[in-house]
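In: Quick one: sequence and predicted model below, then my questions.
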Amino acid sequence: MSQPPPDQALALIRRFRSELVTEDELLRRLEEAAAKGERLRVKFGIDPTFTDVHLGHSVPIRLLRLFQDFGHLPILLLGDATARLGDPTGRNDQRPPLSKEDVEHNAATYLEQIGQVLDLNPKRCELRRNSEWFGAMDFFDSLRLLGRGTVARLLERDDFRARIDQSQPIHLHEMMYPLMQGWDSVMLKADVELGGNDQLFNLHMGRLLQEREGQRPQVCLTTPLLLGTDGRKMSKTYGNHVPLNGEPEDVYGKVMSLGDEPMVDWFRLATSLEGGEIEAVLASHPREAKGRLAWEIVAGLQGAEVADAAAEKFTNQFKHKQLPADIPEVVVSERSLALPNLLQVAGLCQSTSEARRMIRQGGVRIEGEVEHDMGREVALSAEGDGTLVQVGKRKFARIKQG
RNA sequence: GGGGAGAUACCGAAGUGGCCAAACGGGACGGACUGUAAAUCCGUUGGCUCAGCCUUCAGAGGUUCGAAUCCUCUUCUCCCCA
């Protein structure tokens, strides 16, 4: 796609838009860029703090891709300096301080996953790291930057406020976070910055700092947050995320476990279907619609063939109630074990107490038959496929002696 | 530097000498239902050689027949004053 007329571009951008400060400014910049034949510098920053990029992150990246397709210049900023600062939302206060090595390792994985959505070709994308400038700052530079923020301004943030109300500690360096992100915009001379809606405050800080430095303040464009499969904010901490580099069957399965209502958002934000198509799909049976959604998402990441295969596997396993194709095989040394111990040893239950609970509740099957006998000795053989044991709906194992 | 509050199971939060393996809520898990999901209902949610036993209430000691609860010290957090 090459430089569509600005108003058309704007229309396409609206699909991903949550907040836009301001639409007029963005339109003007698009027009100017088109008139001068220049590319807008569109910044998106991500901190390599985990090894997985998930579908929620992919929303602003898809928007970034859109700008790229329009012929503008995406600037992918790896926050290798900010990553070492920790999580300013305080949601995950267990996060250990990251070493340089951790950050580098994560960064490499990130790029691989982001590459599934964005064209990382150096001609079409600028890749930067903020250690480039933060690494060079001395203490007085830092103080100068810190002086740009005020406590009152930071306390306006709900997440800080909540932490104070809950008597949780807020460390001083955490207040640096928005300032650092804002400073990134200054250093990159960003025209536009993209981010999830939770980033709005930080993006505004970029505007502020740019203005103070005599730059034209960036346009802030946030995307809606994609909710996780359980309806909460998508986050690895909650385990409700869809990893971009997940196994296709897992991604497919995760999407299928989504509720009905969020489907619209997922279609809009995580697939390439046109508005009209989405409506048509949603008009069908919700299960069909969800299947289509899962297919589109997998296909978007890994291609149509992979998506077909994932869909087929899923259908076999759940719709036709067939056993999953890849039941893990567990080898134990004993020739025979009491059932609770067997379940524990095979890793199907955490403890024998839990195993007993599962048996009592009728959640345990041996060779497909529900087993209620708590004390049953299960004989194991080294021959054949092993004994098929199932706990609940999802946990399977073939247990062999050996 | 001074004063006050607090640390309870996956999370939040009751409990202030025995009836506490610890209320309640959330989450998670199992079952029913269903569309494979959600919602709903029922149940479970420290461990074990499981109708019994063992180890838990920040950590270490102590008082007591008996401590999550009382005392001492330690570690960590929050708030206020300087």
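Out: Structure received.
In: can we go C-alpha only for contacts and neighbour counts from here?
Out: Noted.
In: wait, isn't residue A:268 in contact with residue A:13?
Out: No: counting by Cα atoms under 8 Å, residue A:13 is not a contact partner of residue A:268; they are 11.7 Å apart.
In: can you pull the contacts of residue A:77?
Out: Counting by Cα atoms under 8 Å, 6 or more residues apart in numbering, residue A:77 touches A:43-46, A:127-130.
In: nearest spatial neighbour of the residue in the stretch 51-200 of chain A that RNA strand B sits nearest to, skipping sequence neighbours?
Out: Closest residue of the stretch 51-200 of chain A to RNA strand B, Cα to the nearest atom of the strand: residue A:169 (2.8 Å). Leaving aside its sequence neighbours, residue A:169 sits nearest to residue A:163 (Cα to Cα, 6 or more residues apart in numbering; 7.1 Å).
In: Looks like the one you found contacts residue A:157 (just checking).
Out: No: here residue A:163 does not reach residue A:157: they are 10.2 Å apart, not a contact under Cα under 8 Å.
In: Among these two, which residue is more densely surrounded?
Out: Taking other Cα atoms under 10 Å, residue A:163 and residue A:157 do not tie; residue A:163 has more neighbours (15 against 12).
In: Am I right that the more buried one is in a helix?
Out: Yes: counting by DSSP: H, G, I helix; E, B strand; the rest coil, residue A:163 is part of a helix.
In: Show me the beta-bridge partners of residue A:330.
Out: residue A:399 (DSSP bridges).
In: Tell me the residues of the stretch 251-400 of chain A that contact RNA strand B?
Out: By Cα under 7 Å from any atom of the strand, the residues of the stretch 251-400 of chain A that approach RNA strand B are A:256-260, A:286-288, A:290-291, A:315, A:318-319, A:340-341, A:350-354, A:356-358, A:361-364, A:391-395.
In: picking up where we left off before, of the contacts of residue A:77, which is the most crowded?
Out: residue A:43 (26 neighbours).
In: Contacts only, for that one.
Out: A:74-77, A:185, A:188, A:190-194.
In: what about residue A:44, which helix or strand?
Out: According to DSSP states H and E, residue A:44 maps onto strand A:41-46.
In: Which neighbours in the sheet does that strand have, and how are they oriented?
Out: strand A:73-78 (parallel), strand A:192-196 (parallel).
In: what about dumping the CA coordinates of the longest helix along chain A to PDB?
Out: The single longest helix within chain A, with elements called by DSSP state H, is helix A:286-302. Provided in PDB are the C-alpha atoms of helix A:286-302 (Å, rounded to 0.1, in the frame of the first residue of the first chain):
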ATOM      1  CA  PRO A 286     -21.100 -17.700  18.100                       C
ATOM      2  CA  ARG A 287     -19.100 -21.000  18.100                       C
ATOM      3  CA  GLU A 288     -18.600 -20.700  14.300                       C
ATOM      4  CA  ALA A 289     -17.700 -17.000  14.700                       C
ATOM      5  CA  LYS A 290     -15.100 -17.900  17.400                       C
ATOM      6  CA  GLY A 291     -13.700 -20.600  15.200                       C
ATOM      7  CA  ARG A 292     -13.200 -18.100  12.400                       C
ATOM      8  CA  LEU A 293     -11.600 -15.700  14.900                       C
ATOM      9  CA  ALA A 294      -9.200 -18.300  16.100                       C
ATOM     10  CA  TRP A 295      -8.400 -19.200  12.500                       C
ATOM     11  CA  GLU A 296      -7.800 -15.600  11.400                       C
ATOM     12  CA  ILE A 297      -5.500 -15.000  14.300                       C
ATOM     13  CA  VAL A 298      -3.400 -18.000  13.800                       C
ATOM     14  CA  ALA A 299      -3.400 -17.400  10.000                       C
ATOM     15  CA  GLY A 300      -2.300 -13.800  10.500                       C
ATOM     16  CA  LEU A 301       0.600 -14.900  12.600                       C
ATOM     17  CA  GLN A 302       1.700 -18.100  10.900                       C
END
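In: Remind me what that helix packs against, helices and strands.
Out: helix A:248-256, helix A:263-270, helix A:275-283, helix A:304-314 (3 or more Cα pairs under 8 Å, 6 or more residues apart in numbering; DSSP states H and E).
In: hang on, the earlier thing: what's the PyMOL syntax to select whichever of the contacts of residue A:43 are buried?
Out: Selection command for PyMOL covering only the buried members of the contacts of residue A:43, criterion 16 or more other Cα atoms under 10 Å:
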select buried, chain A and resi 74+75+76+77+185+190+191+192+193+194
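In: could the contacts of residue A:43 go into CSV alongside pLDDT and distance to residue A:21?
Out: As requested, the contacts of residue A:43 are exported to CSV (pLDDT from 0 to 100; distance: Cα to Cα, whole Å):
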residue, pLDDT, distance to residue A:21
A:74, 94, 19
A:75, 94, 19
A:76, 93, 20
A:77, 93, 21
A:185, 94, 15
A:188, 93, 19
A:190, 92, 14
A:191, 93, 12
A:192, 93, 10
A:193, 94, 10
A:194, 92, 11
